[in-house]
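S.K.: here's my sequence, what's the structure:
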Amino acid sequence: MDKTKFYDQVKDRMLRYAKVDTQSQPYSGHWPTTDKQRDLAGVLRDEMINIGVSDVFLDDDKCVVYGRIPGNMPEGAGRAVGFIAHIDTAPDASGTNVKPWVLENYDGGDIVLNKDKDIVMRAADYSNLKSYVGQDLILTDGTTLLGGDDKASISAIMTLAEYLCSHSDVKHGDVCLAFTPDEEVGGLAQDLDFDRFGAKVAYTLDGDHLGWYEDETFYASEAVLEFIGRSVHTGTAKGIMVNAVDMAAEFMAMLPEDERPQNTDGVQGFFHVISCSAECEHAKVILIIRDFDKDKFEGRENFLRECAQRLSDKYGSERVKITIEHQYSNMKEVLKGVPYMTDILKDAIAKAGIEPVCEPFRGGTDGAALSFRGLPCPNLSAGYENAHGRFEYVPIRSMEKNVEILINICEAFGEL
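M.R.: The predicted model follows:
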């Protein structure tokens, strides 16, 4: 497959960034959730300065990196646009001592990631591999994730920045950049300073499959149920013991089996228990609630409250506690007010020779939260595959094409 002028740049960047451990940590109690995310933030700051990006700033407290490429249009022409990606990698698999490598001209068969440990990515298990026959892939040694989520995005954005800084013939308005921490653990770019960022609209880059984009996400919340039991010796427990383990199990049995992530797709919502800790005297169940339809989403929250009430009626109100915390809303509510952003994105993807594909995103992006804070943000896929696990990989061509797509977006905003 032909390599573009961006091949070496995106490849080298992805290989370098992947080696920097930026794994975030849920419930760490401080922000950012891991200090090691600052390591890549510092790398990006220095690199932007070296390639000529203006107004580069690293907010040490918040671990957010900013930069701007000034517009080169006649005064008053063009409109500013921003691009945002996240620094952290997911806590689902180790991000320590990542060993990225390049498989050239993938032949469509099984891929031996680690001969010594007999770790093989089997083509029969990952049907997405067939789409990348003949391409060069960046993979791991099978003991860690790769971090293409979201370092493939960072690689494309930084390559865009270098290109714009050295090619004044590409006409554009201000191009504003930001890299934020903790997306994987619900950070949702909460510390992005809009005034410092500079653009009034932006695109986040995150997600798998080249050419895919999202302008619709779930409504999302997290529920925590706590069950307070009473322990006593099992020999004299009758009529006295209240087992919190049983209460937690009874609650989870109330959740509809066909409304769980493994049994849903498309625009179907779900309940998902992400953790359960239980002993006789205390049990805690944490779950997430997701739906695309606002009324159905609110109905799901109310269903959990009704489940908790049934258990309260049975065991006593002092023994069952429920809290529900809103996480993010469907960004379609905001983006339908700026349809030109999606139109520009579709045109930019098509101009790069890729068929645009839009599906409601079964997850959340920083763009969902940012949109509701006043910064409309459709999302462009980064093009990685099998994220959050040991069999993650990034097709180099996907990053090359994303650079082209970003250039097309910049030029389109230059003409507004």
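S.K.: longest single helix anywhere in this protein?
M.R.: Longest helix in the chain by number of residues (criterion: DSSP state H): helix 294-315.
S.K.: and that one, what other elements does it pack with?
M.R.: Under the contact definition 3 or more CB pairs under 8 Å, 6 or more residues apart in numbering; DSSP states H and E, helix 294-315 sits against strand 219-228, helix 244-254, strand 282-291, strand 320-328. All C-beta atoms are positioned from the backbone trio N, CA, C, and that covers glycine.
S.K.: cutoff 6 Å now
M.R.: Packed against helix 294-315 by the contact rule (3 or more CB pairs under 6 Å, 6 or more residues apart in numbering; DSSP states H and E) you find strand 219-228, strand 282-291, strand 320-328.
S.K.: what's in contact with it?
M.R.: For helix 294-315, the external contacting residues (CB atoms under 6 Å, 6 or more residues apart in numbering) are 219, 223, 251, 254, 269, 289, 291, 320, 322, 324.
S.K.: min pLDDT across the residues you listed, which one?
M.R.: Lowest-confidence member of the contacts of helix 294-315: residue 219, scoring 94 (pLDDT).
S.K.: surely residue 283 is in contact with residue 248?
M.R.: Yes - using CB atoms under 6 Å, residue 283 is in contact with residue 248, at 3.8 Å.
S.K.: shared neighbours of those two, which are they?
M.R.: Overlap of the contact sets of residue 283 and residue 248 (by CB under 6 Å, 6+ apart) consists of residue 227.
S.K.: wait, which of the helices and strands packed on helix 294-315 is closest to residue 262?
M.R.: With CB to CB as the measure, strand 282-291 is the member of the helices and strands packed on helix 294-315 nearest residue 262 (13.2 Å).
S.K.: residues touching that closest one, excluding its own?
M.R.: Residues outside strand 282-291 that contact it (CB under 6 Å, 6+ apart) are 218-227, 244-245, 248, 269-277, 297, 300.
S.K.: tell me what angle it forms with strand 219-228.
M.R.: Using axes from the mean of the first three to the mean of the last three CA atoms, to 10 degrees, the direction of strand 282-291 lies 160 degrees away from that of strand 219-228.
S.K.: ok, residue 274 - contacts?
M.R.: Residue 274 makes contacts with residue 286, as judged by CB under 6 Å, 6+ apart.
S.K.: tell me how far it lies from residue 327.
M.R.: Look at residue 274 and residue 327: by CB to CB, to the nearest Å, they are 12 Å apart.
S.K.: same question for residue 83.
M.R.: Note on residue 83: its distance to residue 327, by CB to CB, is 23 Å.
S.K.: do residue 415 as well
M.R.: Distance, residue 415 to residue 327, by CB to CB: 37 Å.
S.K.: and the two? which has more neighbours close in?
M.R.: Under the neighbour definition other CB atoms under 10 Å, residue 415 and residue 327 were set side by side, and residue 327 has more, 18 against 13.
S.K.: once you drop chain neighbours, what's closest to that one?
M.R.: residue 220 (4.2 Å; CB to CB, 6 or more residues apart in numbering).
S.K.: for beta bridges, what are the partners of the one you found?
M.R.: Per DSSP bridges, the residues bridged to residue 220 are residue 290, residue 328.
S.K.: got a pLDDT number for it?
M.R.: On the pLDDT scale, residue 220 gets 93.
S.K.: now, of the contacts of strand 282-291, which are buried?
M.R.: 218-221, 223, 225-227, 244-245, 248, 269-271, 273, 276, 297, 300 (16 or more other CB atoms under 10 Å).
S.K.: next, give phi and psi for residue 102.
M.R.: Dihedral pair for residue 102: phi -110, psi 120, per degrees, to the nearest 10.
S.K.: can you pull the contacts of it?
M.R.: By CB under 6 Å, 6+ apart, the contact set of residue 102 is 136, 138.
S.K.: ok, it to residue 272 distance?
M.R.: For residue 102, the distance to residue 272 equals 35 Å [CB to CB].
S.K.: got the buried residues for the lowest-mean-pLDDT helix or strand in the chain?
M.R.: Every helix and strand of the chain was ranked by mean pLDDT, DSSP states H and E. The lowest is helix 366-373, at a mean of 92. Residues of helix 366-373 classed as buried: 366, 367, 368, 369, 370, 371, 372 (neighbour count, 16+ other CB under 10 Å).
S.K.: which SSE is immediately downstream of that helix?
M.R.: Downstream of helix 366-373, the first helix or strand assigned by DSSP states H and E is strand 379-380.
S.K.: contact partners of that next one?
M.R.: So strand 379-380 is contacted by 203, 204, 205, 206, 213, 214, 365, 367 (CB under 6 Å, 6+ apart).
S.K.: okay, now the sheet partners of that strand, with direction.
M.R.: strand 202-205 (parallel), strand 212-214 (antiparallel).
S.K.: just to check, residue 139 is in contact with residue 394?
M.R.: No - using CB under 6 Å, residue 139 is not in contact with residue 394, being 8.2 Å away.
S.K.: same drill for those two, tell me which one is more crowded.
M.R.: Taking other CB under 10 Å, residue 139 and residue 394 do not tie; residue 394 has more neighbours (32 against 22).
S.K.: check which helix or strand covers that one.
M.R.: Assigned by DSSP H and E, residue 394 belongs to strand 394-395.
S.K.: so what's the gap between that strand and the chain middle?
M.R.: The chain centroid and the centroid of strand 394-395 are separated by 16 Å under CA atoms, centre = their mean, to the nearest Å.
S.K.: partner strands of that strand, with direction?
M.R.: Sheet partners assigned to strand 394-395 using DSSP bridges are listed as strand 137-139 (antiparallel).
S.K.: residue 339: how many residues sit nearby?
M.R.: The number of residues packed near residue 339 is 10, by other CB under 10 Å.
S.K.: neighbours around the residue nearest to residue 51 when sequence neighbours are not counted, how many?
M.R.: Setting aside the residues directly before and after it, residue 51 is nearest to residue 162 in space (CB to CB, 6+ apart), at 4.5 Å. Residues lying near residue 162 (other CB under 10 Å) number 21.
S.K.: now residue 162: how far from residue 17?
M.R.: Separation of residue 162 from residue 17 (CB to CB): 14 Å.
S.K.: can you give me the strands in the stretch 101-250 of the chain?
M.R.: Using DSSP state E, counting those that start in this stretch, the strands of the stretch 101-250 of the chain run over 101-103, 111-114, 119-121, 137-139, 175-180, 202-205, 212-214, 219-228.
S.K.: for the ones you listed, which one sits closest to residue 167?
M.R.: Judged by CB to CB, the one of the strands of the stretch 101-250 of the chain that comes nearest to residue 167 is strand 175-180, at 12.3 Å.
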